[in-house]
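Asker: Show me the folded form of this:
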Amino acid sequence: MIRWIAAFILTLAPKQTAHAMGTLPSESFDLSPSDYQWTYQETLNITNPDDGVTLSCNLFLPEPKVSGETFPALVMPNSWLMEEHEYWVQAKTFCEKGYIVLSYSARGWGQSEGVVDVGGRKDTDDITALIDWLTANTPVTGVVENPDGNGTDDSDARIGMCGISLGGGLSLMGAAFDDRIKAVMAMVPWGDLVDSLYLNQSPKPVWVKGILVGMGGIAANLDPELSIITDQLFNHEHEAHFDTLLPWALSRSPINFLDKYNKEDRDLAVCISTNLQDFLFTPTQMLRFYYGLNVAAKRIDFNRGIHASSEGTGLVGIPNTVWNRAYAWFDEHLKGMDTGITDNPSISIDNKSSSQRHYLDHLYIKDINGMHLEGIPRAPVENAIVPEKRYLTHRPWYSYKGGLKTHAGGGSNTISSGLISGLTLGIPLLSSLLEAHTQALHITASLPLASRSKAIVFATERMGSTRTLVGTPSLSLTLTPSAERVQLIAHLYTVDALGIGTLISHAPLTLLESDRLMPSAEPGVAKTYEFNFITTAADVPRGHRLAVAIDTFDLSYSRPSEEAFDITLHYGEGSFLEIPWLP
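Answerer: Residues are numbered from 1 along each chain as shown. Now for the predicted structure:
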């Protein structure tokens, strides 16, 4: 439902014009023509022989122009709350371009049997069964007769996977467990389910409780284990997390299977499309997954939008940049065409402040807070950008703000918990959606009017010239909590001459008595905590400031406790903001 509302709003929003710093890479690709006639089978049931679960599918089959013609094939899993007819428009478009397209409802969704597996081994076994059926029953390119005449060899079959949200995650997980998949276009997928469900130990009530479990329980046959896991999540039952949540989530996280993608003899091309205002599967965790990939070809694009909104118009046939990249990606890597998509830098990111899109070879991220990933073989992130370090400094009694200075200071300030501070991330879902697609309805706050007792602001000097922040800022804080369970919300703003801050990123941080994911909160004990903001790109105009503002509550994240608490921030070498400026 959210996807269709987003698609409607996008039709009213102004179209984005892509610009880059310097030379503009082309987003106009040389694509295969749409000149195939096709047939459509709406009712197709395919059974997984391992457990007998039958999946509800539909099949688009191009009509050969010459005898014996073969075609690459795409498998398209549904997204959350949807079923196999979701991609009808795009499946038809691909078929007209000469692709066999099998769209299906994952187990537990639509008319498919079984219970929802959220990318577990049952889901990946289903994908293997679907590919087995395709290569045995349709003319898939790359399938050849065995030399002894006994059956066929489909190891070189030209198979791709494409999907949105759940479908994007299933596409990545399918590629991990079936080497016949040669290309993936994953739209707003997850790379790390632990990070997605429990960002910095902060559960997301709207996305997880409301949509994943609440609405999912109405639209699908959910596994009861999912409700148990989410209850543990919101109750912060930490030991249960490690007994239940972490094994469950990591077994469904693509980042846990980098060794499978990165095999030396693997022929795999992975394209990821993620959205800057996606608070469910944040772009930051996808960037960390992207840097772990060492495959034949890879690409990642960061678009304006909440979860799945940038892809929504494509589902109803409106021209869409994300789907246009999908056509080019599969033409390039399944048909062997020179579309031009690999001529561009492998990273692109929308600028939240303008209609610019930046094309880059590298996007900064600091690889921190990965304790749950210990033991997973992955290459360290090698950053080509050195961020600017600005130290948080004391807020004096006569000012609403402390500083972000080039040198460390001393002293401390204390804020108290409370529901209303003057800072906000806006109305969950709606504010971010409007911000992303109207380019006018930004999320703002008057920082001079923010509560001095429940919030604190730190700001740079006014910029002498416009600067562009691109990448993943990080924040380090030395603080003393008054309780074992505390929470803070860090907001990153550009601030005009009147003190009006425009939100460009944020990050939650929840501290608990356990230290198994990050350092614990010990009442009266000062510790240093470091965490990333959500990946972003925005201009800080001439005459404006960059500011960090911190409070203790937002509707987007569940509070760890109903009890009041204080947080004392200590200034010095351990309290700083790292800013990745565009060179």
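
Asker: Would you confirm that residue 433 contacts residue 309?
Answerer: Yes - the criterion here is CB atoms under 8 Å, and residue 433 meets it with residue 309 at 6.0 Å. Glycine gets a C-beta too; all of them are placed from N, C-alpha and C.

Asker: what's the burial count for residue 563?
Answerer: 12 (other CB atoms under 10 Å).

Asker: can you check residue 385 too?
Answerer: By other CB under 10 Å, the burial measure for residue 385, its neighbour count, is 16.

Asker: Touching the helix ranked longest in the chain from outside, list them.
Answerer: Using DSSP state H, we find that the single longest helix of the chain is helix 121-137. Applying CB atoms under 8 Å, 6 or more residues apart in numbering, the contact partners of helix 121-137 are 46-51, 53, 55, 57, 73, 75, 77, 100, 102, 104, 106-107, 114, 117, 140, 143, 152, 154, 157, 159, 161, 170, 173-174, 176-178, 180-181, 251.

Asker: same thing with stretch 205-216?
Answerer: With CB under 8 Å, 6+ apart, stretch 205-216 has contacts from 1-2, 80-81, 116, 197, 203, 222, 226-227, 230, 233-234, 279-280, 307, 428-429, 555-558.

Asker: Quick check: end-to-end length of it?
Answerer: 14 Å (CA to CA, to the nearest Å).

Asker: The spatially most distant residue from the centre of the chain and residue 107: what is the separation?
Answerer: What lies farthest from the middle of the chain is residue 148; by CA atoms, centre = their mean that is 46.7 Å. Distance of residue 148 to residue 107, computed by CB to CB, to the nearest Å: 36 Å.

Asker: Check which residues of stretch 171-184 are buried.
Answerer: Using 16 or more other CB atoms under 10 Å as the burial criterion, the residues of stretch 171-184 that qualify are 171-176, 178-184.

Asker: Where strands are concerned, which of those count?
Answerer: Among the buried residues of stretch 171-184, the members found in strands (DSSP state E) are 181-184.

Asker: Quick check: closest non-adjacent residue to residue 396.
Answerer: Of all residues not flanking residue 396 in the chain, residue 402 sits nearest, at 7.8 Å (CB to CB, 6 or more residues apart in numbering).

Asker: I'd assumed residue 390 was in contact with that neighbour.
Answerer: No - taking CB under 8 Å as the definition, residue 402 is not a contact partner of residue 390, at 11.1 Å.

Asker: neighbour-wise, which of these two wins?
Answerer: residue 402 (24 against 21).

Asker: what's near enough to touch that one?
Answerer: With contact set as CB under 8 Å, 6+ apart, residue 402 has these partners: 392-396, 413, 456-459, 571.

Asker: Give me the pLDDT value at residue 240.
Answerer: Looking at residue 240, its pLDDT reads 62.

Asker: Residue 533 too?
Answerer: So, for residue 533, pLDDT stands at 98.

Asker: and if you look at residue 2?
Answerer: Residue-level confidence at residue 2 comes out at 40, pLDDT.

Asker: Run through the neighbouring helices and strands of the strand ranked longest in the chain.
Answerer: Identified as the longest strand of the chain according to DSSP E is strand 500-511. Counting by 3 or more CB pairs under 8 Å, 6 or more residues apart in numbering; DSSP states H and E, the packing neighbours recorded for strand 500-511 are strand 202-203, strand 444-446, strand 474-481, strand 486-495, strand 527-532, strand 536-540.

Asker: Let me have those in JSON lines, extended by distance to residue 315.
Answerer: JSON lines is the format used below for the helices and strands packed on strand 500-511 (distance: least, CB to CB, whole Å):
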{"stretch": "strand 202-203", "distance to residue 315": "29"}
{"stretch": "strand 444-446", "distance to residue 315": "31"}
{"stretch": "strand 474-481", "distance to residue 315": "35"}
{"stretch": "strand 486-495", "distance to residue 315": "32"}
{"stretch": "strand 527-532", "distance to residue 315": "31"}
{"stretch": "strand 536-540", "distance to residue 315": "26"}
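
Asker: mind checking which of those is nearest residue 63?
Answerer: strand 536-540 (44.6 Å; CB to CB).

Asker: Work out the sheet partners of the next helix or strand after the closest one and label each with its direction, please.
Answerer: Going down the chain from strand 536-540, the next helix or strand is strand 545-551, by DSSP states H and E. Neighbouring strands of strand 545-551 in its sheet, by DSSP bridges, are strand 456-459 (antiparallel), strand 486-495 (antiparallel).

Asker: Of all the ones you listed, which one is nearest residue 442?
Answerer: Nearest to residue 442, of all these, is strand 486-495, at 9.6 Å by CB to CB.

Asker: sorry, back to before: which two of the ones in strands among the buried residues of stretch 171-184 have the greatest separation?
Answerer: Once CB to CB is applied, those give 182 and 184 as the farthest pair, at 8.6 Å.

Asker: Common neighbours of the two, please.
Answerer: By CB under 8 Å, 6+ apart, the residues touching both residue 182 and residue 184 are 160, 268-269.

Asker: With distance to residue 132 as new columns, can these be given to me in a markdown table?
Answerer: Listed next are the shared contacts of residue 182 and residue 184 as a markdown table, based on distance: CB to CB, whole Å:
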| residue | distance to residue 132 |
| --- | --- |
| 160 | 16 |
| 268 | 19 |
| 269 | 22 |
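
Asker: hey, where'd the helices end up in the stretch 101-250 of the chain?
Answerer: Assigned by DSSP state H, counting those that start in this stretch, the stretch 101-250 of the chain shows helices spanning 121-137, 166-177, 193-197, 216-219, 224-234, 238-240, 246-250.

Asker: weakest of those in terms of mean pLDDT?
Answerer: Here the lowest mean pLDDT among these goes to helix 238-240, at a mean of 62.

Asker: can you pull the contacts of residue 185?
Answerer: By CB under 8 Å, 6+ apart, the contact set of residue 185 is 160-162, 171, 271, 273, 325-326, 329-330.

Asker: Specify which member of these is nearest to residue 363.
Answerer: Nearest to residue 363 among the contacts of residue 185, with distances taken as CB to CB, is residue 273, at 14.4 Å.

Asker: Summarise which helices and strands the helix or strand that contains that closest one is packed against.
Answerer: Counting by DSSP H and E, the element that carries residue 273 is strand 269-275. Judged by 3+ CB pairs under 8 Å, 6+ apart, the packing partners of strand 269-275 are helix 166-177, strand 181-187, helix 283-292, strand 297-303, helix 309-315, helix 321-334.

Asker: okay, the angle between it and strand 297-303?
Answerer: Using axes from the mean of the first three to the mean of the last three CA atoms, to 10 degrees, the direction of strand 269-275 lies 10 degrees away from that of strand 297-303.

Asker: Need the pLDDT of the nearest residue to residue 144 once chain neighbours are set aside.
Answerer: Of all residues not flanking residue 144 in the chain, residue 153 sits nearest, at 5.4 Å (CB to CB, 6+ apart). At residue 153, the model reports a pLDDT of 95.

Asker: Look up how far residue 73 lies from residue 153.
Answerer: Look at residue 153 and residue 73: by CB to CB, they are 16 Å apart.

Asker: more neighbours, those two?
Answerer: A direct count of neighbours by other CB under 10 Å for residue 153 and residue 73 places residue 73 higher, at 29 against 13.

Asker: Now that one: phi and psi?
Answerer: phi -120, psi 140 (degrees, to the nearest 10).

Asker: now residue 361
Answerer: Per degrees, to the nearest 10, the backbone of residue 361 is at phi -90, psi -20.

Asker: what's the answer for the one 3 residues further on, then?
Answerer: Note on residue 364: backbone dihedrals following degrees, to the nearest 10 are phi -70, psi 140.

Asker: Can you list the strands that the strand holding residue 273 pairs with?
Answerer: Using DSSP bridges, the strands paired with strand 269-275 are strand 181-187 (parallel), strand 297-303 (parallel).

Asker: check contacts around the nearest residue to residue 565 once chain neighbours are set aside.
Answerer: Excluding the flanking residues, the one nearest residue 565 by CB to CB, 6+ apart is residue 483, at 4.1 Å. With contact set as CB under 8 Å, 6+ apart, residue 483 has these partners: 521, 523, 561, 563, 565.
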